[in-house]
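Chemist: structure for this input, please:
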Amino acid sequence: MTEEENEEAVIAEIHKKIGDAFNVFDNESNKTVDVREVGTIIRSLGCFPSEAELHEIIAEVEEEETTGYIRFDKFLPMMTKVLMERKFRPIPEDVLIQAFEVLDQEKKGYLDAEELKKYMTQEGEPFSQEEMEEMLSAALDSKENIVFYKDFVSKMTFEDL
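Modeler: Numbers count the residues shown, from 1 in each chain. Model prediction:
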């Protein structure tokens, strides 16, 4: 297989993945999806943009007349470029654990739910209330009201395809 044929095969496979992910949310089978589903589609493809980056992506593919829908023919080339450039890749597991360890000054191996809420909603790019609730629903040990962050990170890290 020549290099050109190989690249064409890679692009064809990427197009199929994007099409499959898009079609899950194309409820009317008219090659459009609700703009609110775009983030979910992008994340299902292994890309994890920040909220600000997601808004930029949506602005790039949205119609000039805002309809609330995104068309596949505009989404496909943009998403192909994102995947080819390996943009918005997840942060590696060890880096995430190091970030939690910085917050865990006493090296206990866990963070108290209230302590974690404070860090996640007041520092850097703050989590919304909804994002915080979603994270805690996945991370919190409800008996202890703490987050064992190594377990949480290993559950949440994305395995590259």
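Chemist: tell me which stretches of this protein form helices.
Modeler: 3-25, 38-44, 51-61, 72-84, 93-103, 113-122, 129-139, 149-156 (DSSP state H).
Chemist: and Thr32, which of those is closest to it?
Modeler: For Thr32, the closest of these is helix 72-84, at 7.0 Å, according to CB to CB. The C-beta positions use only the backbone N, C-alpha and C, and glycine is treated the same way.
Chemist: from the middle of its chain, how far away would that closest one be?
Modeler: Its chain's C-alpha centre and that of helix 72-84 lie 16 Å apart, by CA atoms, centre = their mean, to the nearest Å.
Chemist: could you chop the protein up by domain?
Modeler: 3-84, 93-156 (automatic domain parsing).
Chemist: hey, which of the helices of the chain is tucked in deepest?
Modeler: Highest mean neighbour count of the helices of the chain: helix 38-44, a mean of 18 (counted as mean count of other CB atoms under 10 Å).
Chemist: returning to that earlier point: mind putting the domains of the chain into TSV with mean pLDDT?
Modeler: Conversion of those to TSV gives the following (pLDDT from 0 to 100):
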stretch	mean pLDDT
domain 3-84	91
domain 93-156	86
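Chemist: that older thread, for Lys31, find the nearest of the helices of the chain.
Modeler: For the helices of the chain, the distance to Lys31 is smallest for helix 72-84, at 4.1 Å, taking CB to CB.
Chemist: centroid residue for this structure?
Modeler: For the chain, the residue sitting closest to the mean C-alpha position, by CA atoms, centre = their mean, is Phe48 at 2.9 Å.
Chemist: hmm, it is touching Pro90, no?
Modeler: Yes. Using CB atoms under 8 Å, Phe48 is in contact with Pro90, at 5.2 Å.
Chemist: adding distance to Thr32, write the helices of the chain out as a markdown table.
Modeler: A markdown table is the format used below for the helices of the chain (distance: least, CB to CB, whole Å):
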| stretch | distance to Thr32 |
| --- | --- |
| helix 3-25 | 9 |
| helix 38-44 | 11 |
| helix 51-61 | 11 |
| helix 72-84 | 7 |
| helix 93-103 | 35 |
| helix 113-122 | 34 |
| helix 129-139 | 25 |
| helix 149-156 | 30 |
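Chemist: any idea how far the residue nearest to the centre of the chain is from Lys31?
Modeler: In this structure, Phe48 and Lys31 are 25 Å apart, going by CB to CB, to the nearest Å.
Chemist: ok, Phe100 to Gln122 distance?
Modeler: Here Phe100 is placed at a distance of 16 Å from Gln122 (CB to CB).
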